[in-house]
Each structure stands twice: as C-alpha cells, then as structure tokens.
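Novice: I would like the atomic coordinates for the input below:
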Amino acid sequence: MNILCVIPVRGGSKGVPGKNARLVAGKPLVAWSIEQALAAEAGLDVIVSTDDEQLADIARAVGADVPFLRPAELAQDTTPTEPVVQHAIAHRIAEGRRPDAVMLLQATSPVRLAGTLDRAVTQFAETRVDSLVGVVPQTPFFWHLPVEDGSATAEYDPAARPRRQDLHQTDYFYKETGSLYLTRTEVYERCDNRIGGRVGLFVMDEAEGIDIDTLVDLRIAEQVLGDLHGMGESNT
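Specialist: Residues are numbered from 1 along each chain as shown. Next comes the predicted model:
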C-alpha cells in the first residue's frame, strides 16, 4: 500500500510562538514526527507542508520531502487541516504518484512510541476501514453542567459507581489524540474530510495523547520525550 504521510506545520502560532521550530527534548518539535514517520517499516512517503522557510529547512535537514511552500491562503489561523492535506495529495497526483491512503501526523503531538505507526498501518490494512482515528481511552467519569436550575448529570450511574479496575473496554470513552489519522485517499476526495466511510479507532498509549497548545503542554511533552529517550531536560 502506497501511503502518503503529511505533516502540516505553520510558522505562526499564538499559544506558543514559533512552537514547531522550538527545541523540545533537544530537537525542533517538528523533527520528532518526521523522524518517527521516516523510521516506520511501512515505507511512508513523508511530506512536510509548511509556509515557513525555517521549518522547511529543518524538515529537509531531518530527511523529509518539502516539495513546495504552502500557499498563504492555506496557512491562515482559520485554515482547516483538510485543504492542506488535499493540497499535498494533489501535488503527488500531479507527479503521477497517487497514494492509496494518507497518514496525517500533527507535529504538536510529538509523543509516539516505537512501532506505533506500523501498528496503525497494520490495523488499517487488516480491518479494511476507510479511516482510522488515533484515540486514548478515558474513564466514563464525565459530567455535564446543569441546565438552568436542574442538576448536573453524569455519563455513568453515581449510585452504582464502578471501580476503575472493574471497567471493561466497552465502558470507556475514547478521545481523539489529534496525533494520527490514516485515511483512504478517496475519502478526502469524496468527503473533503479526514474521517469518513467506515471508521476504526486506533487505541494509543496514554502518553501519546499529549497535544501541545500551551507552555505547560510543552513542558509535559519534553519531560515524557526525555524519559522515553533517556535525555536530560533541555531548554524550551
């Protein structure tokens, strides 16, 4: 299966300025996702889509293909991810290299364990789903705010609160990590969306659910990456 791996990164960031180029556990943030994609045994075709020359240089130095600088209209704060991926797909199709599927990796979720990407490709192929969504399990102990003068309501029965160790797989909720999506190319063409058709859930380790939106998230990601790769603390 020919899988295009798209890693979209913009130069601008409001929450953590310049975060995609920022050093995290000794490497620019975007480098973590690129190296993970290039290390996959599945032989992913790795494209970094960016509007920023510095990020393009970083990506090329790590080994990714950066065949274009993303047009300005696809690099706005309000730009959805799907048109960015579709732009990369169109570029490969124009080269006569239409992918069978597209793996989307978000650089702001840099924690992925060894073998995670290959495990996703295997599950995608074996289950024959149309799109696979990376998720982490969450206990069902969620509440909704009260409506007007009513009572807050729970997603479980407080009168028969289960012990965590007694929960079964079907008792959990599953939260999108934002880290990984794997989608048949025709889903993007038909639905203009990374999720469509028959959807499967790709369960990831809790540590892989880190998404960097704030400086606190950045510190957590650095600590986890440092622990996983035997590094000391680096400057952020």
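Novice: which residues in this structure form helices?
Specialist: Defined through DSSP state H, the helices belonging to the chain, from first to last, are 29-39, 53-62, 81-94, 116-127, 185-191, 215-228.
Novice: in this structure, which residue sits furthest out from the middle?
Specialist: Largest separation from the mean C-alpha position in the chain: Asp149, at 39.4 Å (CA atoms, centre = their mean).
Novice: so which residue is dead centre in this structure?
Specialist: Taking CA atoms, centre = their mean as the criterion, Ser179 is the residue nearest the geometric centre of the chain, at 1.8 Å.
Novice: show me what contacts that one?
Specialist: Residues counted as contacts of Ser179 (CB atoms under 8 Å, 6 or more residues apart in numbering) are 105-106, 109, 111-112, 134, 204, 208-209, 211. For every residue, glycine as well, the C-beta is placed using N, CA and C.
Novice: let's see 6 Å
Specialist: Remark: with contacts taken as CB atoms under 6 Å, 6 or more residues apart in numbering, Ser179 is in contact with 106, 109, 134.
Novice: which of these tops the neighbour count?
Specialist: When neighbours are counted as other CB atoms under 10 Å, the busiest of the contacts of Ser179 turns out to be Gly134, with 26 neighbours.
Novice: quickly note the distance from the closest residue to it other than its chain neighbours to Ser151.
Specialist: Closest residue in space to Gly134, ignoring its immediate chain neighbours: Leu180 at 3.6 Å, by CB to CB, 6 or more residues apart in numbering. Leu180 is 38 Å from Ser151, where distance means CB to CB, to the nearest Å.
Novice: now do Arg184
Specialist: Using CB to CB, Arg184 is found at 44 Å from Ser151.
Novice: who's more crowded, the two?
Specialist: Residue environment comparison for Arg184 versus Ser151 gives the larger neighbour count to Arg184, 22 against 8, counting by other CB under 10 Å.
Novice: what about Ala160, neighbour count?
Specialist: Neighbours of Ala160 using other CB under 10 Å come to 6.
Novice: swap that for Gly115, sorry
Specialist: The burial count for Gly115: 12, using other CB under 10 Å.
Novice: try Ala88
Specialist: Applying the criterion other CB under 10 Å, we find 27 residues in the vicinity of Ala88.
Novice: likewise for Arg98?
Specialist: When neighbours are defined as other CB under 10 Å, Arg98 has 13 of them.
Novice: now the strand ranked longest in the chain: buried residues?
Specialist: Scanning the chain for the strand with the most residues, using DSSP state E, yields strand 173-184. Residues of strand 173-184 classed as buried under the neighbour-count rule (16 or more other CB atoms under 10 Å) are 174, 177-184.
Novice: what's the closest of the residues you listed to Gly196?
Specialist: Sorting the buried residues of strand 173-184 by how near they are to Gly196, with CB to CB, puts Thr183 at the top with 7.4 Å.
Novice: contacts only, for that closest one.
Specialist: Taking CB under 6 Å, 6+ apart as the definition, contacts of Thr183 comprise 102, 131, 194.
Novice: then Ile58?
Specialist: For Ile58, the contacting residues are Pro28, by CB under 6 Å, 6+ apart.
Novice: just Leu132 next, same as before
Specialist: With CB under 6 Å, 6+ apart, Leu132 has these contacts: 124, 182, 200, 202.
Novice: so which of those residues wins on neighbours?
Specialist: The most crowded member of those, judged by other CB under 10 Å, is Leu182 (26 neighbours).
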